[in-house]
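**Student:** below are the sequence and a predicted model; questions follow.
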Amino acid sequence: MSSTDEISSMFESESQKLENFLSKISENMEISEIVETYYQVMNVTSMISMLKQQLDSENHKTLLEQINKTEQIILGKFNTETHPKILENLSNSIQEMTNTLQSSSGEKTKEQIENESQMFEELRKKMSTKEFVEQYEKGLA
């Protein structure tokens, strides 16, 4: 197997992983799923940048076509549709949790305190993930 075949195979595998991640996107994704999806997008985007510099259109036509197709999925589907939805869902979820936590007052049972503690931890994770997603967006600009 030549190095081009290996590169092509690796790119195909990573592109397929990306498409699998994108097909599983929903409004109530777990934090880990969001982070994995963004890392996969960034991984494939990096591969695309590297491969475009190394491949020539004469000898690697099929691979370059596949790269262009994957790039269009990232630019079209992910950057213009999926990414804004993920960011919006995170923002809405953070706002809802913040409102809930701000509205609870007065005497609290041990159970209520534990629930609030879990909500604060979940809120912290979501805010951190939102910041990560916003960093991705800054890279698009």
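**Tutor:** In hand now; what should we look at? As the structure is a prediction and not an experimental result, all values here were calculated from the model.

**Student:** the worst-scoring helix or strand of the chain on mean pLDDT - contacts with which helices or strands?
**Tutor:** Lowest on mean pLDDT, DSSP states H and E among the helices and strands of the chain sits helix 3-23, with a mean of 86. Applying 3 or more C-beta pairs under 8 Å, 6 or more residues apart in numbering; DSSP states H and E, one finds that helix 3-23 makes contact with helix 31-54, helix 61-72. C-beta here means a position set from N, CA and C on the backbone, and glycine is covered the same way.

**Student:** counting neighbours, what do you get for S23?
**Tutor:** S23 has 7 neighbours, counted by other C-beta atoms under 10 Å.

**Student:** how near is the spatially most central residue of the chain to L18?
**Tutor:** Centroid-nearest residue in the chain, with C-alpha atoms, centre = their mean: Y38, separated by 2.5 Å. As for Y38, its distance to L18 is 11 Å (criterion: C-beta to C-beta, to the nearest Å).

**Student:** what's near enough to touch D5?
**Tutor:** Contact analysis of D5 by C-beta atoms under 8 Å, 6 or more residues apart in numbering lists nothing.

**Student:** distance of it from N43?
**Tutor:** The value you get for D5 to N43, if C-beta to C-beta is used, is 20 Å.

**Student:** which helices and strands does the helix of greatest length in the chain pack with?
**Tutor:** In the chain, with assignment by DSSP state H, the single longest helix is helix 110-140. Where contact means 3+ C-beta pairs under 8 Å, 6+ apart, helix 110-140 is packed against helix 31-54, helix 83-103.

**Student:** what ranges of the chain fall below the confidence cut-off?
**Tutor:** Residues of the chain that meet the criterion pLDDT under 70 lie in 1-2, 4, 141.

**Student:** re the thing from before, can I get the helices and strands packed on helix 110-140 in TSV with distance to L123?
**Tutor:** Shown next, in TSV, are the helices and strands packed on helix 110-140 (distance: least, C-beta to C-beta, whole Å):
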stretch	distance to L123
helix 31-54	11
helix 83-103	5
